[in-house]
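# kindly generate the corresponding structure for this input.
(one chain, ligands or ions: 1)
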Amino acid sequence: MRYEQLQWQEQMKIQVDFNHMMTEFIGEEEGFTREHIEALAGKIKDSHQRMLKKSGSGWLEWRKLPMNQEEVVTKIVRTAEEIRSRAEAFVVLGIGGSALGPLAVQTALNHLHYNELPTERRGGPRFYVLDNVDPERVAALFDIIDPAKTIFNVISKSGSTSETMAQFMIVFNLLREKIGSDYAKNIIATTDAEKGNLVKMAREEGYTTFTIPAGVGGRFSELSPVGLLPAAVCGIDIRELLAGAAYMDKLCQQEDVFRNPAYMLGVLQYLAMRRGKNISVMMPYTDALKYFADWYAQLWAESLGKRTDNNGEDVFAGQTPVKALGTTDQHSQVQLYVEGPFDKVVTFLGVGCYRQEVTIPKVFEDLAGIAFLGGHTLGQLIKAEQLATEYALMKAQRLNFTVTLPEINAFTVGQLIQLLEIQTAFVGELLDINAFDQPGVEEGKNATYALLGRPGYESKKQELETRPLKKSEYIL
Ligand SMILES: O=P(O)(O)OC[C@H]1O[C@](O)(CO)[C@@H](O)[C@@H]1O
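Numbers count the residues shown, from 1 in each chain. Next up, the predicted model:
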């Protein structure tokens, strides 16, 4: 790699600031010390060893995605170019990990800076993520797209998620009606290599198919074809996204928590959890990262929200993720964060340099209450507000981190994805739980199957009938 490139990467390194987790700033009652962290040395070492051992295999296969995919990337780029040249719209059919990543990355990298993109990367299809089965929304989308000029990317790791499969069945039918025998050209399947209905259908029907590697679960799949194909179709430089993730991965291979940003975030969150901080707020100070808070909510909630057994006693792990947006939610939630219960850790996501600026004009100069704003840029205003909110929280002894992206680009967004994924997996190790399953969602899924008459769920249906869900006397 050229020296200038190395230097640029260094400048683009994400910064993790944990000052406001420490006693010097937060006070002894709430803050942590080096000693608190060092007291966990044994646990950190064991967790690190387990992470290293599993890295790239089993359910940690996602860790190797940034480094090991050149062949897949080449196929994705080729497919994306072809789609960009012929489609008017590109629709992702997926939910959870099969939707939130594509949405977060596209919002981060495209919506604000569209006009700055080189001409050859402007244009391309309109992008939609259909991640719900709200009939009004689905119908509304079909009102504004022409199915014949739309590529539908059906994404499901399991190939059996009811919402995604229902959407797909509707699309499949619609395409057959509208374009007849050639309909398969408008469908791309992204799914497991072997398991589930989708891969079977894809094979039989001859859809272009991308594989989600076996050990890459939905919420850890953004850097697999799940996220890479939609990103490439949207003109995002996916090699740069992966390079950013690889760069961060390297930083996060160090055992020394004082040199490893993901571990430091993880260890301090873990210490906070042990003190009953049950809520993790993510608050980006840029609209571009608004949907990252959604993506993180699934990552954090599904990975860490686990009931485990500790010598016969139930232990309930996890933190409730809360999404906020700066400055918008300063005027809706920050009151609670400053004066409400001491039960939260706030992670601010900041931006070093906004890529577009707007200057506030010097008008109304005789009104001192607003005249001071004139001459400043909106970037200065939003940064001052972020700093001021960090200050207010610190003064009220409220734990908070700041993660700063020097600017928002594919390299820094790739870093952010890998940073938060490693942090989550590491906290899973510290908590001694399986961060990669989600048994708690099964009961609801099975009840849905029973309610809709899926064969094999007769006894669940009986259970639902004999165990009334609600009493009318409690409904007003
Ligand atoms: O990609 P799939 O298998 O359709 O799953 C969608 C989502 O559903 C879940 O399995 C939860 O039900 C998530 O973990 C996952 O991201």
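# contacts, neighbours, all on C-alpha from now
Noted.
# now do the buried residues in stretch 63-73.
Applying a neighbour-count criterion of 16 or more other C-alpha atoms under 10 Å, one finds 63, 64, 65, 66, 72, 73 buried in stretch 63-73.
# look up how far the ligand lies from residue 447.
13 Å (C-alpha to the nearest ligand atom, to the nearest Å).
# just to revisit the earlier point, and which of the buried residues of stretch 63-73 is nearest to residue 314?
residue 63 (30.6 Å; C-alpha to C-alpha).
# tell me the secondary structure at that closest one.
When classified by DSSP: H, G, I helix; E, B strand; the rest coil, residue 63 comes out as helix.
# tell me the pLDDT of it.
Note for residue 63: predicted pLDDT of 94.
# wait, isn't it in contact with residue 54?
No. Assessed by C-alpha atoms under 8 Å, residue 63 is found out of contact with residue 54, at 9.4 Å.
# pull the contacting residues for the closest residue to residue 83 other than its chain neighbours.
Excluding its sequence neighbours, the residue lying closest to residue 83 (C-alpha to C-alpha, 6 or more residues apart in numbering) is residue 233, at 6.9 Å. Applying C-alpha atoms under 8 Å, 6 or more residues apart in numbering to residue 233 gives the contacts 80, 81, 83, 84, 90, 124, 125.
# distance to the ligand for the buried residues of stretch 63-73 - can I get that in a markdown table?
Shown next, in a markdown table, are these (distance: C-alpha to the nearest ligand atom, whole Å):
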| residue | distance to the ligand |
| --- | --- |
| 63 | 17 |
| 64 | 19 |
| 65 | 17 |
| 66 | 20 |
| 72 | 19 |
| 73 | 20 |
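# which one of these is nearest residue 376?
Among these, and counting by C-alpha to C-alpha, the member closest to residue 376 is residue 66, at 39.8 Å.
# quick one on the thing from earlier: now the residue nearest to residue 83: how far from the ligand?
Taken as C-alpha to the nearest ligand atom, the span from residue 233 to the ligand is 20 Å.
# quick one: pLDDT of that residue?
95.
# go on, the one 3 residues further on?
Per-residue confidence for residue 236 comes out at a pLDDT of 94.
# show me where the stretch 1-150 of the chain has strands.
Ranges of strands in the stretch 1-150 of the chain, per DSSP state E, counting those that start in this stretch, are 15-17, 89-93, 126-130, 150-156.
# what residues sit buried inside the last one?
This points to strand 150-156. Buried residues in strand 150-156, counted by 16+ other C-alpha under 10 Å: 150, 151, 152, 153, 154, 155, 156.
# give me the contacts around it.
83, 87-95, 98-99, 164, 168, 171, 186-192, 198, 226.
# how long is stretch 64-77 end to end?
19 Å (C-alpha to C-alpha, to the nearest Å).
# next, count neighbours for residue 131.
By other C-alpha atoms under 10 Å, the residues close to residue 131 number 20.
# now the residue lying farthest from the centre of the chain: how far from residue 374?
When distances are taken from the C-alpha mean of the chain, residue 366 lies farthest, 46.1 Å away, according to C-alpha atoms, centre = their mean. With distances taken as C-alpha to C-alpha, residue 366 is found 11 Å from residue 374.
# show me which residues of the stretch 1-150 of the chain sit near the ligand.
The stretch 1-150 of the chain comes close to the ligand at residues 95, 96, 97, 98, as judged by C-alpha under 6 Å from any ligand atom.
# all helices of the stretch 151-300 of the chain, in order?
For the stretch 151-300 of the chain, helices defined by DSSP state H, counting those that start in this stretch occupy the ranges 162-179, 197-205, 225-233, 238-251, 261-274, 290-304.
# and the furthest pair within the contacts of residue 233?
Among the contacts of residue 233, 81 and 90 lie farthest apart (C-alpha to C-alpha), at 12.5 Å.
# any idea how far the ligand is from residue 77?
Separation of residue 77 from the ligand (C-alpha to the nearest ligand atom) stands at 22 Å.
# ok, residue 240 next?
Distance of residue 240 to the ligand, given as C-alpha to the nearest ligand atom: 24 Å.
# then residue 260?
On the measure of C-alpha to the nearest ligand atom, residue 260 and the ligand end up 27 Å apart.
# can you tell me the number of residues neighbouring that residue?
Residue 260: 21 neighbours (other C-alpha under 10 Å).
# fine by me, thanks again.
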